[in-house]
Structure formats: C-alpha cells, structure tokens
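> Just a sequence and a predicted model for now, questions to come.
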Amino acid sequence: MSNKLRLGFVGAGFNAGFQARALRFVRGVEVAAIFAPEGAPQLAEQCRASGIGEPKVCATMKELCGAVDMVGISAPNFARLDLMREINQHGANLAGVMCEKPLARNMVEAREMVKLASPFKTAYLENQIHMPLVRNGKAQLASLEAAMGAPYIVRSAEEHGGPHSGWFWDPRQQGGGVFCDMGCHSAAVGWYLATPRGKPLNFLVPHKVQASMALAKWGRPFWKAKLLADRGVNYDEAPAEDYAVVNYTFRNPETGELVQVQATDSWCYSAPGLKLEMECMSPGFSLNINTLTSPGSLFIADYAAVAVGDMESALEKSEAGRGKLVLMENEPDTYGYVSELQDAVDAFAAGRDAMLNFGYGLDVARLVMMGYMAHEEGRTLLCDEIQDELETYVPLIQQGRGKEVLY
Ligand SMILES: NC(=O)c1ccc[n+]([C@@H]2O[C@H](COP(=O)([O-])OP(=O)(O)OC[C@H]3O[C@@H](n4cnc5c(N)ncnc54)[C@H](O)[C@@H]3O)[C@@H](O)[C@H]2O)c1
C-alpha cells in the first residue's frame, strides 16, 4: 500500500492545473480525487498523464472527503465558506486542509473559515513566500542582517494584464479588484521580507496604512468593451480597482523601529508575462527579484506568429505571441508552488500545520481590509484605532459600489 497522502482537488481551473504541474516535483503525495463543476475530467487526465495520480472525479464534497487524506481548495473565492462547511461536516478523517489565497473576502468570512477549519491541520497557500528566490535571498543575507540590522523598506509588486475568468472581475464574487486578488500576495510577502530573521511571521505590528486605488485601464472604452466581449463582464455595473498602491508602516515591538512596506498591484501591465517584483532595502545591502528577467528567451517573427496557438505557452499571463518573449525553466517552482505544496504535505504527514496556516491567512485578510479602508477614507489610518471596525467591514468595492470610490 502506498504511504503517500491522497490529495483531493476542489476546483479544477487554472490554479489547480498549475498545482498539478508543481506536484510532479513534490514527494509523498498523489492526487486521488477531484470535485469541480467544470474541468474535472481534463484535470484528471493531466494528473494521469504526468504520473501524479489516478484521481476519481467526485460528484459531491462528501464523496471527495471520503476518498482522500488532504483537501486543497482551488475554487473561486465566493465558494470558500460553503466548501469549508462541507469539509467540516464530512472530513473527520482528514490529515489537513489547504486553501488558496485569499483565505476570505473580508474578516467575517475569514474568522468563519478559521473556525470551521479548527478540527484540521491547515495550510494557507501563499506561494510567493515560498519562492526559492525569496527564501534563498533571505537566507543568504542572514549573516549581514545579524551584523548590520533588519530591513527598513520593502517594495513588493505583482502585475499583469488582467485575470482569465469572469468571476475575478465581479467584486461581489471575488471580494474586490486587484488588491483582493493580488494585494494579498504583495502585502504578505512584503511583511515577510521585512520581518527580522528568526522572528514569527506576525512579529512586526501594523502601525499605519495609506492607500491609493484606481480604475486605470479597464474603465476605458476600448478595454471595457473587450471585457464585455471576452468575459461577459459589464464593468459599468460593478467596477473594481485595477491598480492599487498600499503603504504599510509596521512597528518592531522590541525596538520600536518603523519599517515601510509598499504593496503595488495591477491588472494594467502589458508584458510578455506575469511580473513579480520584490525589493528589500536594509542597512548596506539589498535584495532584488524580478521574475521577468530570465536567462532564457524566445523569439517569434511576425511571419511565424500565425502558428502560435497559446500565448501563455511561454509564460503565465503573456500578452504577446511574437517578438522577444521570456522563457522560464520551471514556472511552478519559480513562483513557489512546489515548495508550498511540499511544506504542506510534510506538515500534514507529521501532524502539524504548514508554515503558513489559516490563522496567518486571517492576518493577511486584515492587512487587505486595512488597504481598502484607507483608500475609502482617503487618509492615513492608525491601525490600532480601526481594529474593531475592521471585524465587520465590507469594502464598498466588494459591495458592488465601486463607482463611489473609483471615479
Ligand atoms: N496562488 C496564486 O498565485 C493563484 C493563482 C491563480 C488563482 N489562485 C486562486 O485559486 C482559486 C481558483 O482560481 P482559478 O484561477 O483556478 O479559477 P478558475 O476560474 O480558473 O477555476 C475555478 C474552478 O473552480 C470550480 N468551481 C466553481 N465553483 C465551484 C464550487 N462551488 N465548488 C467547487 N469548485 C467550483 C470551477 O468549475 C473551476 O474548475 C482562487 O481563489 C484564486 O484566488 C491563486
């Protein structure tokens, strides 16, 4: 009998497909079941073809929970809570539950997710903290940090041209625009890079927050019409931000020192792929990461471009199928999916939470809500003063009232 943990995928879209690519490099796990309204047979075939399991396609969550040791939620954000309720009801034997970012769309939902997951070991899937470049960079600078001191400024960005599925564009379903979708990455990895080595993930205390959010690209007539034609989304009805810059000031509770973290996210970036960019400034040394700088490239001439079937075959979110394109050795590894999944599998096998658990996902949800609140109020917020309000806060953009704060 195999001693691998049996994983059940919930959701079989873009993200689950990416995770399946990563699982070829992860030990101690096989894909045993899939539950999703769409895409499950295709994902099952991908798993079989790449040798990561012989999953059965399940008709219900109850059936899935009975067939696996661990569940991975890769379904849309609006489905999180109902799925977690079912896991809570049917998953008594599970070794652990993983959930994709964001944990939830607001604090009420995030607290409910944590509560429903309390019988289980958990993994909050924030891949960027697991990026080998992030982890190795931090490790390599450890001795310098010991000698010179911790970082004082971090800038973290994720930018591409806009998401692939219609539900991402409906802030009532997704939770907001780009800041709910990708700000949760940038705020988390920024917080992580700023944290002094050896300290817990939530050691730095949020002190102040400022934000500026805008509808920069997708509110313009050409792009609005394209959104309607390609994704069936009418952005006049419930627009959301496609550009966000949120500045956090964190306080070191031991030294009182302040650390600046800037999270920049956009769906406005035209490039041959997704850009993840992190800069970490410390006294006398720095760390710089940009995933669009690769030692590899492709070139496709105009007369050959007619043969390109899928622009994203070179790189996730590529907007071009010709000219000079970025080529990467192993995207799931570069973006941290391999390490985050290995970490979760090892943790569940050992009977503990992953490095990032649902409680951490709740902390990140709070940072995201602070960003929206600061933008809505148009002023610098002192984090201590808004803690209670954040607990029940639902951003206007999430309520479908983006017009009131984006124009
Ligand atoms: N870590 C990352 O960088 C990253 C990247 C992409 C997506 N994500 C996250 O992954 C999740 C899924 O995104 P995606 O890009 O795969 O979306 P998608 O639209 O490509 O796929 C969604 C999948 O979920 C299924 N689904 C819909 N409703 C469901 C329900 N009620 N129960 C079960 N399955 C359901 C759909 O049929 C589909 O198979 C989102 O939460 C997103 O934030 C994370």
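Perfect, thanks for sending it.
> contacts, neighbours, all on C-alpha from now
Fine.
> Skipping its backbone neighbours, what lies nearest residue 152 in space?
Nearest non-adjacent residue to residue 152, counting by Cα to Cα, 6 or more residues apart in numbering: residue 259, 4.7 Å away.
> Give me the below-cutoff pLDDT ranges for the protein.
1, 308-309, 311-314 (pLDDT under 70).
> Kindly report the residues of it close to the ligand.
Counting by Cα under 6 Å from any ligand atom, the chain comes close to the ligand at 10-16, 36-39, 74-77, 79, 100-102, 126-127, 165, 181.
> And the residues you listed, which of them are buried?
Buried members of the residues of the chain next to the ligand, counted by 16 or more other Cα atoms under 10 Å: 10-13, 16, 36, 39, 74-77, 100-102, 126-127, 181.
> and the residue of the stretch 101-250 of the chain found nearest the ligand, what does it touch?
The nearest approach of the stretch 101-250 of the chain to the ligand comes at residue 165, 4.8 Å away (Cα to the nearest ligand atom). Shown in contact with residue 165 (Cα atoms under 8 Å, 6 or more residues apart in numbering): residue 231.
> can you map out the helices along the stretch 101-250 of the chain?
Here the stretch 101-250 of the chain has its helices, by DSSP state H, counting those that start in this stretch, at 107-116, 132-140, 142-148, 171-174, 178, 184-194, 221-231.
> about what we covered before: now the residue nearest to residue 152: which helix or strand?
Residue 259 is part of strand 258-266 when elements are defined by DSSP states H and E.
> Give me the next element, helix or strand, following that strand.
Once the chain leaves strand 258-266, the next helix or strand it forms, by DSSP H and E, is strand 275-282.
> For that next one, enumerate the helices and strands it packs against.
If contacts are counted by 3 or more Cα pairs under 8 Å, 6 or more residues apart in numbering; DSSP states H and E, strand 275-282 sits against strand 153-159, helix 184-194, strand 285-290.
> Now do stretch 209-223: distance from first to last residue.
Counting by Cα to Cα, to the nearest Å, you get 31 Å between the two ends of stretch 209-223.
> start the count at 27, not 1, going forward
In the new numbering, first residue 27, that becomes stretch 235-249.
> which of the residues in it are buried?
Within stretch 235-249, the residues that count as buried by 16+ other Cα under 10 Å are 235, 236, 237, 238, 239, 240, 241, 243, 244, 245.
> Also stretch 423-432?
Buried residues in stretch 423-432, defined by neighbour count with 16+ other Cα under 10 Å: 423, 424, 426, 427, 428, 429, 431, 432.
> Leaving aside the residues adjacent along the chain, what's closest to residue 45?
Nearest one to residue 45, counting by Cα to Cα, 6+ apart, is residue 363 at 6.5 Å.
> surely the one you found meets residue 153?
Yes. Assessed by Cα atoms under 8 Å, residue 363 is found in contact with residue 153 at 5.4 Å.
> Tell me which residue is most central in the chain.
residue 127 (4.4 Å; Cα atoms, centre = their mean).
> quick one: contacts for it?
When contacts are counted by Cα under 8 Å, 6+ apart, residue 127 is found next to 150, 151, 152, 210, 211, 387.
> The same query, at a cut-off of 6 Å, please.
151, 152 (Cα atoms under 6 Å, 6 or more residues apart in numbering).
> can you tell me how far it sits from residue 386?
Per Cα to Cα, residue 127 is found 11 Å from residue 386.
> Same check on residue 32?
Counting by Cα to Cα, the gap between residue 32 and residue 386 amounts to 25 Å.
> again with residue 305
For residue 305, the distance to residue 386 - Cα to Cα - is 22 Å.
> repeat for residue 219
For residue 219, the distance to residue 386 equals 15 Å [Cα to Cα].
> of those two, who's got more company?
Ranked by neighbour count (other Cα atoms under 10 Å), residue 219 and residue 386 place residue 219 first, with 28 against 19.
> Which positions in whichever strand or helix holds residue 71 come out as buried?
Per DSSP H and E: residue 71 is located in helix 66-75. Across helix 66-75, burial judged by 16+ other Cα under 10 Å covers 66, 67, 69, 70, 72, 73.
> so after that helix, what's the next helix or strand?
As assigned by DSSP H and E, the chain's next helix or strand after helix 66-75 is strand 82-83.
> ok, that next one: who's next to it in the sheet?
strand 55-61 (parallel) (DSSP bridges).
> by how many degrees do the strand it pairs with and helix 66-75 diverge?
Put simply, strand 55-61 runs at 160 degrees to helix 66-75, going by axes from the mean of the first three to the mean of the last three Cα atoms, to 10 degrees.
> Can you give the distance of strand 55-61 from its chain's centre?
Centre-to-centre, strand 55-61 and its host chain are 21 Å apart (Cα atoms, centre = their mean, to the nearest Å).
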